[in-house]
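> Below: sequence and its predicted model.
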Amino acid sequence: MKNIFQSIILSLLIIGTLNLPKELNAKEITNIQWNKSVAKGKKLFKFRETVTSPALGKEAWKITLLPRDCGRDNEGDYSDCKNNGRDAVVGHGGGDRARSEYSSDKRYTGEKWISVSIYLPNNFKSVEPVSTSLFQIYEWGKKDEQRHPRMMLRVKNGVLEPRYYPVNGSDVSGNIIKHLFIDDMKDKWTTIVFHTKMGKAPGEGFSKMYVNDVLYNEYNGRTGYGGQFFNKFGIYHSWITRWNDAVNGEYPTQVVYYDTLFRTNSKEKLLKLLKINGLNLDLLSIEQDKQAS
């Protein structure tokens, strides 16, 4: 009987050890829970794959967006495929869009450190003049004015740059210090770090974007309308009717790889998570930003 009991304990320990790498791999990719965004009815519903190459650690996520592959919300009448007539231009009317995108489930306020690593394959092709976003900071609240993007990491004129939305429907570029060129991101990982504080008062909010440990963009000013915030990652196309096959050629499928999708309250916590993936960023050289409480 004693031998049987010992065998059971040993088996449980072995099973636990075998399961451990899966948990570690998940933590290597993200510390955030993600849900599909506007995905019901998409042609490619399983648009996220876990891959071992390319990856910074043991695994990363591969996101695929087929041409004009639009979906709709599980509830309500919002659809990327067709406008619902409530808001034809900005916000919640929908239509003229396509995406393979995930949204974080927990919302936040205040100051955060956020990272995202992006790998573009050599055959990545821009769909400009269609607008493409690869990462977002999004506001949400009870009022319609609070339900809008506040930062979209967009492909524009061959550059991946943050576009800020202090006023709904109008974007600004912030203070551009260096350009992150799409061609320089191909066939390699690029790690982007955001230090942000979301606030309604004009002098309260800010956003700083670092590529590895170099400051590329800085914005100071209003960053919201008093709501809560969440993040989005994946490929999001808007104004897809701007693409003309006769002029631009066949609408391409896009593939983007993601890793190190982390959000923390402090720089030190973020650095620890990045180190799991072998990233030792020299963020000590960055100005001594006030840490989040």
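Alright, I've got the coordinates.
> Quick check, central residue of the chain?
Among the residues of the chain, residue 233 comes closest to the average C-alpha position under C-alpha atoms, centre = their mean, at 2.5 Å.
> is it true that residue 149 touches residue 136?
Yes. Under the criterion of C-beta atoms under 8 Å, residue 149 makes contact with residue 136 at 5.3 Å. Just so you know, the C-beta spots here come from the backbone N, C-alpha and C atoms, and that holds for glycine as well.
> quick one on the thing from earlier: give the closest residue to the residue nearest to the centre of the chain in space, chain neighbours not counted.
residue 135 (5.2 Å; C-beta to C-beta, 6 or more residues apart in numbering).
> Direction included, what does the helix or strand harbouring the one you found pair up with?
Taking DSSP states H and E as the criterion, residue 135 maps to strand 131-140. Sheet pairing here is set by DSSP bridges, and for strand 131-140 it gives strand 149-156 (antiparallel), strand 228-238 (antiparallel).
> and residue 68, which of the ones you listed is closest to it?
Closest to residue 68 of the strands paired with strand 131-140 is strand 228-238 (C-beta to C-beta; 8.0 Å).
> Helix or strand next in line after the one helix or strand in the chain whose mean pLDDT sits lowest, which one?
Every helix and strand of the chain was ranked by mean pLDDT, DSSP states H and E. The lowest is helix 2-29, at a mean of 48. Counting by DSSP H and E, the next helix or strand C-terminal to helix 2-29 is strand 34-37.
> helices or strands next to that next one in the packing?
Judged by 3 or more C-beta pairs under 8 Å, 6 or more residues apart in numbering; DSSP states H and E, the packing partners of strand 34-37 are strand 97-104, strand 228-238.
> Tell me which other helices or strands the helix or strand just after it touches.
Going down the chain from strand 34-37, the next helix or strand is strand 48-51, by DSSP H and E. On a contact count with 3+ C-beta pairs under 8 Å, 6+ apart, strand 48-51 meets strand 60-65.
> how many neighbours does the residue lying closest to residue 47 once chain neighbours are set aside have?
Once flanking residues are discounted, residue 47 sits nearest to residue 100: 3.9 Å by C-beta to C-beta, 6+ apart. Residue 100 is flanked by 27 other residues according to other C-beta atoms under 10 Å.
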